[in-house]
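Trainee: Predicted model and sequence below, questions to follow.
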Amino acid sequence: MSALWRTFETLARVHPEKPALVCGERIVSYGELLAMSNNMAADLAVQGVHAGTCCLSWSGNSPELASAMLAIWRLGAVLALVNDEA
């Protein structure tokens, strides 16, 4: 589990209602992002992702991308990011 994940998790538990992300008109709270990333981490773990696994994400900027990043870091895996919104 990465230090980034632990820092985010602490913030989300202390301030679950505060906005974590704004993407266009969409506002995602820390609590919502924590739930999204926990669910994604569970799904990734079932698929065999664990500490040291390299995961590729090809995505544009979105709350789902942030959730994926947090989920991967939670598992101690490595993220290779390809962002099509350079």
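Mentor: Nice, thanks for sending it over.
Trainee: When you work out contacts or count neighbours from here on, use the C-alpha atoms and nothing else.
Mentor: Fine.
Trainee: low-scoring stretches of the chain, by residue?
Mentor: 1, 84-86 (pLDDT under 70).
Trainee: For the chain, which segments count as strands?
Mentor: 19-23, 26-29, 54-59, 78-83 (DSSP state E).
Trainee: Tell me the neighbouring strands of the shortest one, and mark each as parallel or antiparallel.
Mentor: By that I understand strand 26-29. The strands that strand 26-29 pairs with in its sheet are strand 19-23 (antiparallel) (by DSSP bridges).
Trainee: ok, residue 17 to residue 29 distance?
Mentor: 5 Å (CA to CA, to the nearest Å).
Trainee: Please say which of those two ends up with more neighbours.
Mentor: Set side by side, residue 17 and residue 29 show more neighbours around residue 29, with 18 against 13, by other CA atoms under 10 Å.
Trainee: State the distance from that one to residue 53.
Mentor: Residue 29 is 28 Å from residue 53, by CA to CA.
Trainee: And residue 18, by the same measure?
Mentor: Distance from residue 18 to residue 53, by CA to CA: 32 Å.
Trainee: what's the answer for residue 68, then?
Mentor: Taking CA to CA, one finds residue 68 at 14 Å from residue 53.
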